[in-house]
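1. Return atomic coordinates for the entry below.
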Amino acid sequence: MIKHCLTGLALACVLPLTVADDYTPAYGKCMDKASSTMAMSECIQAETHVQDQRLNRVYKQLMGKLDAGQQKSLRDVQRKWLAYRDGNCQFHVQASGGTMAQLEGGSCMMDMTRDRAAELERVLSPGQ
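-> Predicted coordinates for the structure are as follows:
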């Protein structure tokens, strides 16, 4: 029990520090105010939704710039990436267990979605 509380406290202290520039200011504010695992989870879910919209937007923009062969390649890779993200984050949930599983899985989805959106943005606009 104490181990889970200490882990939760450590995560609560570290998560706000990991906020990158690619996260919305609303996420940082939400995490600053979050005083429970449930509140942090809600912040993570809201930011994941924003990052998912970002990913979908850049994916569509990139698809519009590619020829048919490149579109097929991106579609195939994106499907594989989605399967990997989902499986990887499910592993994080299973490996964490307890009360931290929800935060671990949610953070995984949020981070990986953010990273993939940023990656596709770099492909869409190289050098920026």
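
2. Quick one: residues contacting the residue nearest the centre of the chain.
-> The centre of the chain sits closest to Met110, judged by CA atoms, centre = their mean, with a distance of 1.5 Å. Contacts for Met110 (CB atoms under 8 Å, 6 or more residues apart in numbering) come out as 44, 47-48, 51. Where you see a C-beta, it was placed from the backbone N, CA and C, and this is true even at glycine.

3. Same question for His92.
-> His92 touches 101, 104-105, 107-108, counting by CB under 8 Å, 6+ apart.

4. how does it look with 7 Å?
-> His92 is in contact with 104-105, 108, counting by CB atoms under 7 Å, 6 or more residues apart in numbering.

5. Closest one to Lys65 out of the residues you listed, please.
-> Minimum distance to Lys65 across the contacts of His92 is 29.4 Å, recorded for Cys108 (CB to CB).

6. Mind listing what's buried along the strand or helix carrying that closest one?
-> Using DSSP states H and E, Cys108 maps to helix 100-124. Across helix 100-124, burial judged by 16 or more other CB atoms under 10 Å covers 100, 102-114, 116-118, 120-121, 124.
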